[in-house]
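# I would like to see how this sequence folds:
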Amino acid sequence: MDNQEIKGKGKLIKGEIREGVGKLTGNRKEQLKGKIEQAEGKGREQVGKLVRESKDSASGGSDGERLLKDLEEEFKPITDILDEGALRLGAELDKLDSKYSKRREVAEAKKRQ
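Next up is the predicted model:
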């Protein structure tokens, strides 16, 4: 199993757990973050699978090693994008959560008056 496959599987499992906890607690933000982690994990897992398959097909010769290195370099931007996208989406969810929490507080304060 390739390193990216292992990282992807771990992220997938972590996302499933996070989504499940979000469902149990009724926290939609955690549910969404869990789904984001699952998507990132699936992407990483697929990249790792392609790298592993290319390693398996390369017989260890210099051409195979060069192909493998090219593949790893080619897929690095994809894993970087997955990381960045997950961070950005998490930040946006935090902003939305904060915005709506303040609105709820104002609405509850008005009800008490």
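# For stretch 80-98, buried residues please.
By neighbour count with 16 or more other C-beta atoms under 10 Å, stretch 80-98 contains the buried residues 82, 86, 89, 93. From N, CA and C alone the C-beta is placed, and that goes for glycine too.
# mean confidence for the helix or strand encompassing Leu50?
According to DSSP states H and E, Leu50 maps onto helix 28-57. Average pLDDT, helix 28-57: 82.
# That helix: what's the following helix or strand?
Counting by DSSP H and E, the next helix or strand C-terminal to helix 28-57 is helix 62-112.
# Taking helix 28-57 as reference, get the angle to that following helix.
180 degrees (axes from the mean of the first three to the mean of the last three C-alpha atoms, to 10 degrees).
# pLDDT of helix 62-112, averaged?
On average, helix 62-112 scores 76.
# Show me what it packs onto, helices and strands only.
Contacting helix 62-112 under the criterion 3 or more C-beta pairs under 8 Å, 6 or more residues apart in numbering; DSSP states H and E are the following elements: helix 28-57.
# same for the helix it packs on, what does it pack against?
Packing partners of helix 28-57 (3+ C-beta pairs under 8 Å, 6+ apart): helix 3-25, helix 62-112.
# buried ones in it?
Applying 16+ other C-beta under 10 Å to helix 28-57 flags 30-45, 47-48, 50-52, 54-55 as buried.
# related to what we said a few turns ago, what distance separates the helix holding Leu50 from the centre of its chain?
7 Å (C-alpha atoms, centre = their mean, to the nearest Å).
# now swap in stretch 8-24 and tell me
In terms of C-alpha atoms, centre = their mean, the centre of stretch 8-24 is set 10 Å apart from its chain centre.
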